[in-house]
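>>> No sequence on hand, only this structure:
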């Protein structure tokens, strides 16, 4: 019997979970979270497992989207699924979120464009050596003109569609917003289940430093530290 797979992706403003038997989708659940990410991931997992008439203990393998995307979303899904993998003694596989878009459009050169905030987008594709971040106006540097027009998909493509169309007029950017949400079940398509990564080595695709690292390169200011309350033992030591 094919493996029972639990997959999740929270790289974008849509959190999604799917349960699959091999590549047959048994259940899917998703929720739009806006700026907040990961608060109800386990609720989605529980709901999808119930829809599939199965339990977490019956899952054979876990899959999570690696992004690039929301720092918080990526950390939440990675930490949650690593915890499940350890508790269940099951393998965990990390797959770039762009893979879901590529599987949905076979034969096309697909670029996953995720909103990176700060007026930037994350760009990932099998055509790139590694994901990058850039201004929408600079996308042509990473998306060259081809005989078959490249396909731009993702919440960043939708949010910055006017600027991207001006920057790469030879690319195709669909007018249907629903096409810009990755289908999490497709992360498991073509998955090589023979060699799962070591949990400690599995990390999200971080393209740039987090806001905390940029705002506090030397660590948080000492002024924000909460002073330790003096105890009775401290007084006695004096």
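All right, it came through fine. Here the structure is a predicted model, which means the values were calculated and not measured. Numbers count the residues shown, from 1 in each chain.

>>> how about the helices in this protein?
Under the criterion DSSP state H, helices of the chain are mapped to 41-51, 71-88, 98-104, 155-159, 161-167, 211-215, 232-237.

>>> end-to-end on stretch 181-197?
Terminal residues of stretch 181-197 lie 26 Å apart, using C-alpha to C-alpha, to the nearest Å.

>>> Just the buried positions in that stretch, please.
Of the residues in stretch 181-197, those with enough neighbours to count as buried (16 or more other C-beta atoms under 10 Å) are 181, 182, 183, 184, 185, 186, 187, 188, 189, 191, 196. Quick note: C-beta positions are derived from backbone N, CA and C, even for glycine.

>>> List just the nearest of those residues to residue 9.
Distances from residue 9 to the buried residues of stretch 181-197, taken as C-beta to C-beta, are shortest for residue 184 (4.5 Å).

>>> just checking, that closest one touches residue 17?
Yes. Using C-beta atoms under 8 Å, residue 184 makes contact with residue 17 at a distance of 6.5 Å.

>>> overlap in contacts of those two?
Among the neighbours of residue 184, those also in contact with residue 17 (C-beta atoms under 8 Å, 6 or more residues apart in numbering) are 7, 8, 28, 30.

>>> so of those, which ones are in strands?
With strands defined by DSSP state E, the entries of the shared contacts of residue 184 and residue 17 inside them are 7, 8, 28, 30.

>>> I'd say the first one and residue 64 touch.
Yes. Residue 7 is in contact with residue 64 according to C-beta under 8 Å; the separation is 7.2 Å.

>>> between the two, what contacts are shared?
By the contact definition C-beta under 8 Å, 6+ apart, residue 7 and residue 64 are jointly contacted by residue 187.

>>> mind giving me the domain split of this protein?
Per automatic domain parsing, the domain ranges recorded for the chain read 4-97+183-212, 107-180.

>>> could these go into TSV alongside mean pLDDT?
Written out in TSV, the entries for the domains of the chain read as follows (pLDDT from 0 to 100):
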stretch	mean pLDDT
domain 4-97+183-212	89
domain 107-180	95
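
>>> picking that back up, and of the helices of the chain, who's closest to residue 202?
With C-beta to C-beta as the measure, helix 71-88 is the member of the helices of the chain nearest residue 202 (7.2 Å).
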